[in-house]
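1. Below: sequence and its predicted model.
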Amino acid sequence: MAGETIITIAGNLTRDPELRTLNNGSTVANFTIAASERRFNRDSNQWEDGDALFLNCSAWDSPHAPLASNIANSLAKGMTVIAQGRLAQRSYQAQDGTQRTVVELRVDQIGPSLRRATAQVTRQQNSNGGGGFGGFGQPAGYTGGSTASSGTGVSDPFTTSGDPWGAGGFGTTTAADAGEPEF
């Protein structure tokens, strides 16, 4: 939409995401990301932290993407994340009757930072039958990556049965087995 402010922030989660279901049935995950600049001070020969930015964030489940549920099941306090979304300003009445305004990030995309960590991604089966990735019909049991494992219902793309030019597939025969000289 025109006029929206889209930002990307990298920082640490200050608490575990809180997953709530509202009266209308919508599911939302609320969490806070803290980001601070870190610079090297040549005078003291030490690293120093800059001012911290604490940004309240919300993410919503939708019929085609359970973002809030995935966040609650995947991320935890202290993890470094990269989030992208739209800045939104909203007003509400506090318990003491005063009117308050807050700015928060409505998260569209989020994931763990791989700078100092590793992650194992598992794609979820889409409930509308459209597949697990953007509605492009990935096979049932597909969990990402390029290796098919037995029992998942996913055919191996490198099998060459019926292909006279691909006897054995990639890496299944050695030069000695094929009667060819080694290189």
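-> Cool, the structure landed.

2. show me where the chain has helices.
-> Applying DSSP state H to the chain gives helices spanning 67-74, 175-178.

3. mind showing which ranges of the chain have poor pLDDT?
-> Applying pLDDT under 70 to the chain picks out residues 1, 125-183.

4. Send me stretch 47-59 as CSV with only the CA atoms.
-> Taking Å, rounded to 0.1, in the frame of the first residue of the first chain, the C-alpha atoms of stretch 47-59 are listed here in CSV:
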residue,chain,number,x,y,z
TRP,A,47,33.7,-2.3,22.2
GLU,A,48,30.9,0.0,23.4
ASP,A,49,27.2,-0.4,23.1
GLY,A,50,25.2,2.5,21.7
ASP,A,51,21.7,3.5,22.6
ALA,A,52,19.2,0.6,22.5
LEU,A,53,15.9,0.7,20.5
PHE,A,54,13.1,-1.4,21.9
LEU,A,55,10.5,-2.0,19.3
ASN,A,56,7.1,-3.7,20.1
CYS,A,57,6.1,-6.1,17.4
SER,A,58,2.9,-7.9,16.4
ALA,A,59,2.4,-10.7,13.9
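
5. what's it in contact with?
-> Stretch 47-59 is contacted by residues 9, 11, 14, 28-41, 67-68, 71, 83, 85, 102, 104-107, 110 when judged by C-beta atoms under 8 Å, 6 or more residues apart in numbering. To be clear about C-beta, it is placed using only N, CA and C from the backbone, and glycine gets the same treatment.
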